[in-house]
Structure formats: structure tokens, C-alpha cells
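**Student:** take a look and give me a structure for this.
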Amino acid sequence: VQLVESGGGLVQPGGSLRLSCAASGFTFSFSSYTMSWYRQAPGKERELVANINGLGGMTNYADSVKGRFTISRDNAKSMVFLQMNSLKPEDTAVYHCKARRVPLEYWGQGTQVTVSS
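**Tutor:** Numbers count the residues shown, from 1 in each chain. You can find the predicted model right below:
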């Protein structure tokens, strides 16, 4: 099983980035996994940013990103995305995607997002 994140980088405050997570090697259909984005800033615990259910009809966001971030998925391509708008310096972190289908859970290695002028 492999989850590979991409799309991170350096962006100015107020800017946008779109993160992607490509999944492969799953035993079960990709659409049976709940997908999530987490982030971990230096010296802080990993926190949930957003998640989306298997068919994409239900999403959930951390209060700190509501109205700015949008999670989506393309089950045909086994991918999940995180559109991040109006980025703030406090959004700086390593962003990881996670796939969960109880009791299975898989993590990607992460992609760095740095918001700085």
C-alpha cells in the first residue's frame, strides 16, 4: 500500500495551494476508505485538517480551516485532494494523507507547506 502526497511548497500569505494524494496497492476498493488530511507543525501534535467519506458525500473540517480548505476525491483515479485558499502562516506544516477502513489504516510520508512572505 502506498500513499504519495504532492503539491506542497512555499506560498505567500493569502495564496493558494492544491495538495494531491495518490493511493495504490489497496486490497479493497479505494471508495471503501475514508480519506483524511492531517498536518503537523514543528513542535506540535499532528492534527486533523479534513476528512471525506468513501463516496465523497460527507466532509468534515477543523474549525481553523473551515471556509478556506476543501477536500475532495476522485475514486476512479484513487486520489484525494486538498484545495487550500487564503493561506496563513499558521497553516505551515507537513501535510499527510491517511486512508482508513477499519481496522486498516495507512499514512503517507507527507508534503511540506510553508506560508511565509
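**Student:** pLDDT score for residue 111?
**Tutor:** At residue 111, the model reports a pLDDT of 98.
**Student:** same check on residue 32?
**Tutor:** Listed pLDDT for residue 32 reads 94.
**Student:** now swap in residue 19 and tell me
**Tutor:** For residue 19, the predicted pLDDT is 98.
**Student:** and the one helix or strand it maps to, what's buried?
**Tutor:** In the assignment (DSSP states H and E), residue 19 maps to strand 17-24. By neighbour count with 16 or more other CB atoms under 10 Å, strand 17-24 contains the buried residues 17, 19, 20, 21, 23. Every C-beta, even on glycine, is put in place using the N, C-alpha and C of the backbone.
**Student:** quick one: neighbours of residue 16, just the number.
**Tutor:** Residues lying near residue 16 (other CB atoms under 10 Å) number 11.
**Student:** quick one: the closest residue to it other than its chain neighbours and residue 8, what's the gap?
**Tutor:** Once its chain neighbours are removed from consideration, residue 16 has its nearest residue in residue 85; the separation is 4.7 Å (CB to CB, 6 or more residues apart in numbering). Remark: distance between residue 85 and residue 8 (CB to CB, to the nearest Å) = 15 Å.
**Student:** okay, these two: which has more neighbours?
**Tutor:** For residue 85 versus residue 8, neighbours defined as other CB under 10 Å are more numerous around residue 8 (19 against 14).
**Student:** quick check: closest non-adjacent residue to the more buried one.
**Tutor:** residue 111 (3.4 Å).
**Student:** center of this structure - which residue?
**Tutor:** Geometric centre of the chain, nearest residue: residue 37, 2.8 Å, by CA atoms, centre = their mean.
**Student:** which residue packs closest to it, ignoring adjacent ones?
**Tutor:** For residue 37, the nearest residue in space outside its immediate sequence neighbours is residue 49; the separation is 4.4 Å by CB to CB, 6+ apart.
**Student:** next, the one you found: secondary structure please.
**Tutor:** Reduced to three states with DSSP: H, G, I helix; E, B strand; the rest coil, the structure at residue 49 is strand.
**Student:** help me confirm that it comes into contact with residue 60.
**Tutor:** No. Residue 49 lies out of contact with residue 60 (CB atoms under 8 Å); the separation is 9.8 Å.
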